[in-house]
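>>> Structural data only, the sequence is not supplied:
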């Protein structure tokens, strides 16, 4: 692995006398292979934040949610997650097509822990894992280059009230969101969208 710090990071580390600390943290926490603890942490979670950027470097950050285990660590360096029906803008996945660099932030708000995964993402429309996720449009795979925990002290503690009823599940029909029934949306929905023909 190359160093995770660049000239901007180093300038601030030197200004605030944290270069030694930053170097030590990189030495003792950053790794390029998923450990058993990393796998267990990711398997428990039902959400993460995905950071991508377009070809010009314009960043975007999105929330991805599902049932616990919807993100799968496939091997020592690869994880995968489904892309479910959304608003049709495909900002994150579209970014991946033109700039595959991605960052994932996993947060366990109940246990107040977090972990980052940085690497190279790809959109795989005919992925062999697609059947694992009902109604998934395609799979996003990420080849990890850096995996590391973050200091948890500023994580607010939250408790789950309920999981989204819109997460596709094999045992029940997925409800149609109200915004798809709105006059402004219905006539421009994809041809195969169930909301288009709903009475």
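That came through, no problem. This one's a predicted model, so the numbers in the text were calculated from it and none came from an experiment.

>>> which residues does the most centrally placed residue in the chain bridge with?
For the chain, the residue nearest the mean C-alpha position is residue 50 (3.8 Å; C-alpha atoms, centre = their mean). On the basis of DSSP bridges, residue 50 is bridged to residue 62, residue 104.

>>> mind listing what it touches?
61-64, 92, 102-104 (C-beta atoms under 8 Å, 6 or more residues apart in numbering). No exception for glycine: its C-beta is placed from N, CA and C like everyone else's.

>>> In the chain, spot the helix with the most residues.
Assignment by DSSP state H gives helix 19-29 as the longest helix of the chain.

>>> residues of whatever helix or strand comes next after that one that come out buried?
Using DSSP states H and E, the helix or strand that follows helix 19-29 towards the C-terminus is helix 36-44. Across helix 36-44, burial judged by 16 or more other C-beta atoms under 10 Å covers 38, 41-42.

>>> ditto for stretch 10-23
13, 22.

>>> what sits up against that stretch?
With C-beta under 8 Å, 6+ apart as the criterion, stretch 10-23 contacts 5, 9.

>>> okay, how far is it across it, tip to tip?
Terminal residues of stretch 10-23 lie 10 Å apart, using C-alpha to C-alpha, to the nearest Å.

>>> which other helices and strands contact the lowest-mean-pLDDT helix or strand in the chain?
Of all helical and strand segments in the chain, the minimum by mean pLDDT, DSSP states H and E falls on helix 194-197, at a mean of 84. For helix 194-197, the packing partners by 3 or more C-beta pairs under 8 Å, 6 or more residues apart in numbering; DSSP states H and E come out as helix 183-186.

>>> tell me what the helix it packs on is packed against?
By 3+ C-beta pairs under 8 Å, 6+ apart, helix 183-186 packs against helix 194-197.

>>> Report the buried residues of the helix it packs on.
residue 195.

>>> what's in contact with that helix?
So helix 194-197 is in contact with 176-177, 180-181, 185-186, 189-190, going by C-beta under 8 Å, 6+ apart.
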